[in-house]
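Engineer: Generate a structure from the sequence data that follows.
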Amino acid sequence: MAELQRYAAVVEYNGACFHGWQRQKHHDEPSVQAALEAAISQVANHPVDIACAGRTDAGVHATRQVIHFDTSARRSDYGWLMGVNTNLPAGVALQWVGAVDNEFHARFRAQARRYRYLINNAPAKQALQHDQLTWWRYPLDEQRMHDAAQLLLGEHDFSAFRAKDCQAKSPIKTMRHIQVKRWGNIVMLELEASAFLYHMVRNIVGVLLPIGEGHKPVEWMTEVLQTRDRKQAGITAPGEGLYFVGVHYPEQYQAIPCQPYGPVLLEPVLNR
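Structural biologist: Numbering: from 1, shown residues only. Purely as a prediction, here's the structure:
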């Protein structure tokens, strides 16, 4: 049997087409993982399991998700890219494939992950991209939201933003970057942390929304954080506006094009 070669791949997907990342136990709901494993196995001509940089919930999208897989098959990088994409369903596609050393692991070698959350802040809901933007009808002050978000920078216990079903060993994470910007009707929250808890980003958005509306003070973010109590925070924002947009790996893996690019999917809605 041929020696196994490890490959990394960058994946883009529309979460509205799938019931989350993780393969479902009863295979009755489509998942990104199951679709990718089936397509890669078809090209490899043997069963393939994959690992990812960070699992996403139902409805959540990705522009720079990273996976790895091991295979005894020998194909060119272009052959893997074209072959796998030919066998994938609509809504998911590889953007890059390349050989890596066996020490690489999409999840455990990641040093940080980055997410973006997009809000269409307009009086009327959108018809286009309705499953890729969260609609919020009430006016939002993005500067207040940005100021509140800065209070999360650094290492904290993020238990107040942790869903009850979270399986992470520790709620202590380091927020490396966080900002809120506006383009026309679009308000974007961007976050980068060492790792994220289950529903952490969506729960942070749930606190930022009433702050942006002016119903809560900027300092409420710190108050919620210090309680370490999920019940003291806001709503869990919808998954439609959430994107996994990038991963940081050690320098030797910089050939993997997994850094986030500019604002995603904004062009059709910027000039409304």
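Engineer: Contacts only, for Ala237.
Structural biologist: Ala237 makes contact with Tyr117, Thr134, Arg202, Asn203, Val205, Gly206, Leu209, according to Cβ atoms under 8 Å, 6 or more residues apart in numbering. All C-beta spots, glycine's among them, are computed from the backbone N, C-alpha and C.
Engineer: and what of Phe196?
Structural biologist: Residues in contact with Phe196, defined by Cβ under 8 Å, 6+ apart, are Gly54, Arg113, Tyr115, Lys173.
Engineer: That one - that's part of a strand, no?
Structural biologist: No - counting by DSSP: H, G, I helix; E, B strand; the rest coil, Phe196 is not found in a strand; it is coil.
Engineer: what's the spacing between it and Gln5?
Structural biologist: Relative to Gln5, Phe196 is positioned 30 Å away (Cβ to Cβ, to the nearest Å).
Engineer: do the same with Ala16
Structural biologist: According to Cβ to Cβ, Ala16 and Gln5 sit 34 Å apart.
Engineer: on that earlier part again, keep only those of the contacts of Phe196 that are in strands.
Structural biologist: Arg113, Tyr115, Lys173 (DSSP state E).
Engineer: and the last one, bridged to which residues?
Structural biologist: Lys173 has these beta-bridge partners by DSSP bridges: His156.
Engineer: for the first one, same thing?
Structural biologist: For Arg113, the residues forming beta bridges with it (DSSP bridges) are Ala193, Val247.
Engineer: My guess is it contacts Phe244. True?
Structural biologist: Yes - with contact defined as Cβ atoms under 8 Å, Arg113 reaches Phe244; the gap is 7.0 Å.
Engineer: which of the two has more neighbours?
Structural biologist: Ranked by neighbour count (other Cβ atoms under 10 Å), Arg113 and Phe244 place Phe244 first, with 29 against 24.
Engineer: so what's the more buried one closest to, chain neighbours aside?
Structural biologist: Once flanking residues are discounted, Phe244 sits nearest to Ala62: 4.1 Å by Cβ to Cβ, 6 or more residues apart in numbering.
Engineer: hang on, the one you found is in a strand, isn't it?
Structural biologist: Yes - assigned with three-state DSSP, Ala62 falls within a strand.
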